[in-house]
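Engineer: Structure here, sequence nowhere to be found:
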């Protein structure tokens, strides 16, 4: 995750110049969470739709 600064800069550049602090913080938070999820999926840390359905059927 060595590209956090670059991700933040890209996120900021996509926002309008009049973006509020709240909007900026929200976008940075979402970018962070999406990147974490992508890393988790790349490492095999996910549940397929079929597996989720099977788990729910057991409940």
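Structural biologist: Received the coordinates, thanks. Because the structure is a prediction, the values reported are computed rather than measured. Numbers count the residues shown, from 1 in each chain.

Engineer: Run through the helices of this protein in chain order.
Structural biologist: Using DSSP state H, the helices found in the chain span residues 4-14, 21-42, 49-58.

Engineer: Would you convert those helices into a markdown table that also reports mean pLDDT and mean neighbour count?
Structural biologist: (Glycine included, C-beta is placed from N, CA and C.) Below are the helices of the chain laid out as a markdown table (pLDDT from 0 to 100; neighbours: other C-beta atoms under 10 Å):
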| stretch | mean pLDDT | mean neighbour count |
| --- | --- | --- |
| helix 4-14 | 94 | 12 |
| helix 21-42 | 95 | 12 |
| helix 49-58 | 93 | 9 |
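
Engineer: now residue 28: how far from residue 7?
Structural biologist: Per C-beta to C-beta, to the nearest Å, residue 28 is found 9 Å from residue 7.

Engineer: Oh, that last question was meant for residue 19, not what I typed.
Structural biologist: According to C-beta to C-beta, residue 19 and residue 7 sit 16 Å apart.

Engineer: hmm, who's touching stretch 15-34?
Structural biologist: 4, 7, 8, 11, 12, 14 (C-beta atoms under 8 Å, 6 or more residues apart in numbering).
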